[in-house]
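*Asks:* Predicted structure and sequence below. I'll ask about it afterward.
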Amino acid sequence: MLVICATDEEEKMLSKHFTDIIKTGVGYGNVYKALHNLDRNTPILNIGYAGSNNIPIGKICAVGKSMNYHPGVKFKEREYQLNGQYPCYTANDFVEETEITEPCLFDMELYAILSMGFTQVMSIKIVSDNLNQKQYNTITKGDSIK
């Protein structure tokens, strides 16, 4: 299984436990650039930090469904179903507020991975912040979550 993460901090944390890691960089473009040559049947485990509206910082969450997040516009778009419990919304920017009230996660890569057509994807997110970029920077740069 190939482990996919986005940032240096995530890669550092994961390299203690995994050897086959690809660090994509943050966002859709970086995900595509890093993964476009991979066989779409490659088993992928996406692990990384995510913000949340109300899930406690440090909680490890298995993603249940993945959606693209664009609160300013509404249009029909595919939702991907995974085997976890928590919904994860992928945004193009750091999410600092939302009207969503159900416990959920916000990242910047998972929907991109899934929309590229990968068929065997699991995703684990570690809550780094509660929609607060300063919190995120403190947690991830301080390596507070091991």
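*Replies:* Good, I have the coordinates.
*Asks:* show me what contacts residue 8?
*Replies:* Contacts here follow CB atoms under 8 Å, 6 or more residues apart in numbering; on that basis residue 8 touches residue 23. For every residue, glycine as well, the C-beta is placed using N, CA and C.
*Asks:* cool, residue 93 as well?
*Replies:* Residues near residue 93 by CB under 8 Å, 6+ apart: residue 108.
*Asks:* helix, strand or coil for it?
*Replies:* Assigned by DSSP: H, G, I helix; E, B strand; the rest coil, the conformation of residue 93 is coil.
*Asks:* phi, psi of it?
*Replies:* With angles defined as degrees, to the nearest 10, residue 93 sits at phi -150, psi 170.
*Asks:* please renumber so the chain begins at 17
*Replies:* Yes, from this point I'll number from 17; that puts the last item at residue 109.
*Asks:* Could you report the pLDDT at it?
*Replies:* pLDDT, residue 109: 90.
*Asks:* where does residue 26 land in three-state SS?
*Replies:* Three-state assignment for residue 26 (three-state DSSP): helix.
*Asks:* No further queries at this time; thank you.
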